[in-house]
Structures are given as C-alpha cells and as structure tokens.
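In: Here is a sequence with its predicted model. Questions after.
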Amino acid sequence: MDITILKGQIPDSVYTQLPDTNTKFAIDDVLKLAHFLSQCDHESIHFSAVRENLNYSAQALLKTWPKHFDAQAANEYARQPEKIGNRAYANRMGNGDEASGDGYKFRGRGYIQLSGKVNYKAFGDNIGKDLLANPDLVATDYALASAAYYFKSRDLFAVCEKGATVANVTAVTKIINGGTNGLADRIKLFNKYYDLLSGTHRDTHAFVTDFQQTRISDLEQENERLKQTLAGIDLDARKKI
C-alpha cells in the first residue's frame, strides 16, 4: 500500500506518524486505512483538535452532563475547564475523586480522544511510555497512535475490512460515536481516502443513494419501535379500564 499519495492531503504532522502507526497496529490495507483516517479526520475536526475542549457554558453543562451538574453547580463551574473535567470525570475510568485532579489530567487527547487514567495506563503500556506521568504526550506525539489503539482494542479494524459501503461506514461510526452524528461528512471523507489510496474514482451518486437508503431504513426502524411502544402503552391503558 502506497501512502505517499496522502502527502499534501493530510497535515504533515499526521503524515509523519503514519508509517510507525501503520506498522505497529497492522493498518496494512486500503480499507483499514481509509476507514481509520476518515474517522480520525472527522472526530478531530479535520486533524485540528488533539485535546478535549472543556470550556462549557452553564447551559452546555446541563445538556451534556445532567447527572453531574444541576443548575447551581453548572453556574459555579461554567467556563472553568479544569474544574469541569475534574467533576465530570471523577470516580470513573480509573480516575480518583474530584479533588484528585485526575479528571482534567486524563481528559480526552488524540484524534479519537483517549480518556481516563485506566486507558492512559493501558495505552502507555502498549507503546512503552509512562503516560500517567506525561499524559500530554498523547496530544503531542501519539495523537494518531492512540486512535489506532482505540480501533484495535475494539476490533474496529475487522469491521473496516467488511467493505467500502455506506452500511460499513455507518457500522464503524456507530461503534465510535454511539450513533450516526456527522455520518454524511464521514462518508465523504471515507470516499476521499479510499479513492486516493486505491487509485479509483467510484460513482458518488451511488454512494449518495446508498446513504439515503440507509437513513430511510434507520427511520423506518425507529418508526416501528415507536409503533410498538405506543401499542404497549395502549394495551396497558386498556388493562386498567
């Protein structure tokens, strides 16, 4: 697989990390690399964000972390990233309590936001670096490798190899995102990298049609779930009469 075609298509800081990352994590074919780069590209706002932005307003805190912030706490913590991270990520992912400072110290870094003390430890062991002592290395030196570690630890590369289809981009997206946020952009980016790496130019119209059909299928499934829910509510209501 010739990656030199990517020079000038991705930032130099990403390109220089590719050879070592590809070797270490066996990203050795077009499908794996196209899926991997497209997801990293989208998740990091086109390779521009390597540290989690925790500069939330009070309103955003209530929407994003309703379990961790009530109205009073949201107003007290608003626009204070370190305090927000320490509260929001306390006592989970291997972090200590709020006072420990672990939440902010081990906040999201890298192109797919490695988060939490336990995950920093595991990734550090994988690459032979003490990331507990030097967590910012994930942002400065291992932004791409940490993302590849995420893919490998969740068997995402096996999913990548199932094909160059909208359905498969969607499947990868759901594992990373938990839903399909930004799916259209992820598909666009996948097409870009796949075409560059494979030397092909596929029918964009066909991909758009597949995307539309995928969205229609998702909506139909959601509609069916809603019908079943409403039917259950109606049945319960009749039982009470």
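Out: Structure received.
In: what residue ranges in the protein score low on pLDDT?
Out: 202-241 (pLDDT under 70).
In: at 50 what do you get?
Out: Applying pLDDT under 50 to the chain flags residues 233-241.
In: Quick test: name the residue nearest the centre of it.
Out: Ile176 (4.4 Å; CA atoms, centre = their mean).
In: contacting residues for it?
Out: Contact partners of Ile176, counting by CB atoms under 8 Å, 6 or more residues apart in numbering, are Gln39, Glu43, Ile112, Leu156. Every C-beta, even on glycine, is put in place using the N, C-alpha and C of the backbone.
In: Tell me which helix or strand the first one sits in.
Out: Remark: Gln39 resides in helix 30-43, with elements defined by DSSP states H and E.
In: tell me the domain ranges of this protein?
Out: 4-50+140-202, 58-137 (automatic domain parsing).
In: still on that earlier bit, ok, and the most crowded of the contacts of Ile176?
Out: Gln39 (27 neighbours; other CB atoms under 10 Å).
In: Was I right to think that residue contacts Thr173?
Out: Yes - counting by CB atoms under 8 Å, Thr173 is a contact partner of Gln39 at 7.2 Å.
In: what sits in contact with each of the two?
Out: Arg186.
In: quick one on the thing from earlier: among the contacts of Ile176, which pair sits farthest apart?
Out: Of all pairs drawn from the contacts of Ile176, the greatest distance, 12.5 Å, lies between Glu43 and Leu156 (CB to CB).
In: ranges for the helices of this protein?
Out: For the chain, the helices defined by DSSP state H occupy 12-15, 18-24, 30-43, 58-64, 71-77, 81-88, 102-105, 117-127, 137-140, 143-153, 156-160, 166-177, 183-198, 204-240.
In: Compare those helices and give me the one nearest Ile5.
Out: helix 183-198 (5.2 Å).
In: Pull the distance from the closest one to the chain's centre.
Out: Centroid displacement of helix 183-198 relative to its chain, using CA atoms, centre = their mean, to the nearest Å, is 16 Å.
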